[in-house]
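Asks: this is a predicted model, with the sequence first.
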Amino acid sequence: MRERMTMIGTALIGALLMACSGGGSEPAEDAAATADPVTSAAPPAADAAAQSTVAFADLTGNAAAGRAVFAQCRACHATDPGVNRIGPTLAGVVGRQAGSVPGFAYSPANKNAGYAWTPEKLFEYLEKPQQVMPGTRMIFAGISDPQRRADLIAYLEDPS
């Protein structure tokens, strides 16, 4: 029985890692076409450095497109108030103090971050979560495309 539980746990962790990294059961050609450069094995595009200098203020987010981007977050997060999963609810995340959802067991890094999730801070964090918040338990690799990050933030501002 213990062996079976270990196998099930390992399978669940693998599935979560794939979900959070944008992996899945898509055909290889579709996955390659939509692969995020952060998680892709291919070398970064020549304009990757230019993309990282794009400021949130330079972009206009599209909430409908952000809803599609949120699909990769859905395995760990919900946008319904009070619904915590592996990650805390993202209802009302924009403007909320980091590490402040009642009932969620945050990492010390998140609990002690000392900042609010402004659109600008989310934009920075969503690019490279572990770099922005060392010690976070969020295993998501990040979203390198600035427009996709802006779209996701627009969706999170009003996910209804």
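Replies: Structure received.

Asks: got the contact list for the nearest residue to D158 once chain neighbours are set aside?
Replies: Take D158 and drop its neighbours on the chain: the residue closest to it by CB to CB, 6 or more residues apart in numbering is A63, 6.5 Å away. Heads up, the C-betas are built off the backbone N, CA and C, glycines and all. Contact analysis of A63 by CB atoms under 8 Å, 6 or more residues apart in numbering lists 151, 154-155, 157-158.

Asks: one more: T60?
Replies: A150.

Asks: is it in a helix, a strand, or coil?
Replies: coil (DSSP: H, G, I helix; E, B strand; the rest coil).

Asks: so where's this structure uncertain?
Replies: Counting by pLDDT under 70, the chain shows low-confidence ranges at 1-52.

Asks: 80 - rerun?
Replies: Scanning the chain for pLDDT under 80 picks out 1-53.

Asks: what are the ranges of the helices in it?
Replies: In the chain, the helices defined using DSSP state H lie at 2-20, 28-34, 48-52, 63-69, 108-111, 119-127, 129-132, 146-157.

Asks: tell me the buried residues in the fifth one?
Replies: Same thing as helix 108-111. The neighbour-count check on helix 108-111 (16 or more other CB atoms under 10 Å) flags 109-110 as buried.

Asks: thanks again, I'm all set now.
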